[in-house]
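Colleague: Mind looking at a prediction? Sequence and model below.
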Amino acid sequence: MLINTHHHGDHSGGNISFKGLVEHVLAHENSKKNQEAGAIKNKSEDKQLYPDQTYTNVWCQKVGKEKICLYYFGAGHTNGDSFVHFERANIVHCGDLVFNRRHPYVDRGAGANIKSWIQVLDKALQKFDKDTQYIFGHAGTGYKVTGTADDLKIFQEYLGNVLKFTEAEIKAGKTKEEFLKNKMIPGSDEWKGDGASRPLEAAWDELHAK
Ligand SMILES: [Zn+2]
């Protein structure tokens, strides 16, 4: 079985390599829809292996001695991201729901929402326990792609800081162009390097959407 945490090419583009090797491909129902829509747009339908199994809120199955559960807690990085819990090992793959000290992509075109993302992380922190080990989709230079609940909380705080900062800049009368020149998120100075404009533009658009 092959599991996709979400549809982005760096997480599902290799599916085709597993054609004939895996019995099933599993993902959230919106991940499949997004993958299909993206492939049509990019004319890459012949390079896809789509999920043949999807779920809406929770999916669990025993696999040998392990029990695997997928959870969908709402819109975050897209509208189709799963947490994948290997219960016995107590390891959760977060896909791109956690960028460890790296500015995230916020795919509004695929239903992403920062406010909701913060709540999604709350639900994860409630569902999993203090011993859970987490695997992250991406990490900044010098940071690991594995970690603990503390790293989820710090990323959650970062998302809150992105919204807070954006709100303040809007109130201060900044234009979008001026605003997007910001390179740092106040209160989250561990997030360095390129890409601050990605979450900032998403926050700007989210706060201007009705
Ligand atoms: Zn992604």
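Modeller: Now that the structure is in, tell me what you want to look at.

Colleague: What is the burial count for residue 34?
Modeller: Using other CB atoms under 10 Å, the number of residues around residue 34 comes to 23. Every residue, glycine included, has its C-beta placed from N, CA and C.

Colleague: Report how many residues lie close to the residue nearest to it when sequence neighbours are not counted.
Modeller: Closest residue to residue 34 apart from its sequence neighbours, by CB to CB, 6 or more residues apart in numbering: residue 7 at 3.9 Å. Residues near residue 7, counting by other CB under 10 Å, number 30.

Colleague: Relative to residue 153, how far out is residue 7?
Modeller: Distance, residue 7 to residue 153, by CB to CB, to the nearest Å: 27 Å.

Colleague: what packs against the strand or helix carrying residue 126?
Modeller: With secondary structure defined by DSSP states H and E, residue 126 is part of helix 114-127. Here helix 114-127 touches strand 66-71, strand 83-86, helix 149-171, helix 197-208, going by 3 or more CB pairs under 8 Å, 6 or more residues apart in numbering; DSSP states H and E.

Colleague: Which among those is found nearest to the ion?
Modeller: Proximity of the helices and strands packed on helix 114-127 to the ion was assessed by CB to the ion; the nearest stretch is helix 197-208, lying at 11.3 Å.

Colleague: What residues sit buried inside the closest one?
Modeller: Taking 16 or more other CB atoms under 10 Å as the basis for neighbour counts, the residues of helix 197-208 that come out buried are 198, 199, 200, 201, 202, 203, 204, 206.

Colleague: who in this protein is up against the ion?
Modeller: Applying CB under 5 Å from the ion, one finds that the chain approaches the ion through 8, 96.

Colleague: ok, back up a step: now the helix or strand that the helix holding residue 126 is followed by, how far from the centre of its chain.
Modeller: Secondary structure here is assigned by DSSP H and E; on that basis, the next helix or strand after helix 114-127 toward the C-terminus is strand 133-135. Averaging C-alpha positions (CA atoms, centre = their mean, to the nearest Å) puts strand 133-135 14 Å from its chain's average.

Colleague: Give me the contact list for strand 133-135.
Modeller: Residues from elsewhere that reach strand 133-135 (CB atoms under 8 Å, 6 or more residues apart in numbering): 90-94, 98, 145-149, 151-152.

Colleague: Can you say which of the residues you listed are buried?
Modeller: Applying a neighbour-count criterion of 16+ other CB under 10 Å, the buried members of those are 91, 92, 93, 94, 98, 147, 149, 151, 152.

Colleague: In a markdown table, list these along with pLDDT.
Modeller: Putting the buried ones among the contacts of strand 133-135 into a markdown table (pLDDT from 0 to 100) gives the following:
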| residue | pLDDT |
| --- | --- |
| 91 | 98 |
| 92 | 98 |
| 93 | 98 |
| 94 | 98 |
| 98 | 98 |
| 147 | 98 |
| 149 | 98 |
| 151 | 98 |
| 152 | 98 |
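
Colleague: hmm, which two among those are most spread apart?
Modeller: Among the buried ones among the contacts of strand 133-135, the pair separated by the greatest distance (CB to CB) is 93 and 149, at 14.8 Å.
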